[in-house]
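*Asks:* Sequence and predicted structure below; questions after.
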Amino acid sequence: MKKGIHPQMQWISYVTQSGRLIHVMMTKIHETCNVYHFKVRKKIAENVG
């Protein structure tokens, strides 16, 4: 390894950081969708039953 931060290493750390951020966002959206669908299903079940 040369002295200083390698440009590729900098890029990888940036990508992993943004990738982690995207992953967290996707997980939050997924959880919200699951809760929403669960509520809708419960309502439909109540209406049918």
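*Replies:* Looks like it came in fine.
*Asks:* contacts, neighbours, all on C-alpha from now
*Replies:* Fine.
*Asks:* For the protein, which residues score under the pLDDT cut-off?
*Replies:* 1-5 (pLDDT under 70).
*Asks:* In which helix or strand does the residue nearest the centre of it reside?
*Replies:* In the chain, the C-alpha nearest the mean C-alpha coordinate belongs to M26, at 2.3 Å (Cα atoms, centre = their mean). Using DSSP states H and E, M26 maps to helix 7-48.
*Asks:* Return the distance of that helix from the chain's centre.
*Replies:* Mean-position distance between helix 7-48 and its chain equals 4 Å (Cα atoms, centre = their mean, to the nearest Å).
*Asks:* can you check stretch 39-49 too?
*Replies:* So, by Cα atoms, centre = their mean, the centroid of stretch 39-49 is 28 Å from its chain's centroid.
*Asks:* Residues contacting stretch 16-28, please?
*Replies:* Applying Cα atoms under 8 Å, 6 or more residues apart in numbering, stretch 16-28 has no contact partners.
*Asks:* Of all the residues in that stretch, which ones are buried?
*Replies:* Across stretch 16-28, burial judged by 16 or more other Cα atoms under 10 Å covers no residue at all.
*Asks:* what about dumping the CA coordinates of that stretch to CSV?
*Replies:* C-alpha atoms of stretch 16-28 as CSV (Å, rounded to 0.1, in the frame of the first residue of the first chain):
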residue,chain,number,x,y,z
THR,A,16,-20.3,1.1,1.6
GLN,A,17,-21.5,4.1,3.7
SER,A,18,-24.1,5.1,1.1
GLY,A,19,-25.0,1.5,0.6
ARG,A,20,-25.5,1.0,4.3
LEU,A,21,-27.7,4.2,4.3
ILE,A,22,-29.8,2.8,1.4
HIS,A,23,-30.1,-0.5,3.2
VAL,A,24,-31.4,1.2,6.3
MET,A,25,-33.8,3.3,4.2
MET,A,26,-35.1,0.2,2.4
THR,A,27,-35.5,-1.7,5.7
LYS,A,28,-37.5,1.2,7.2
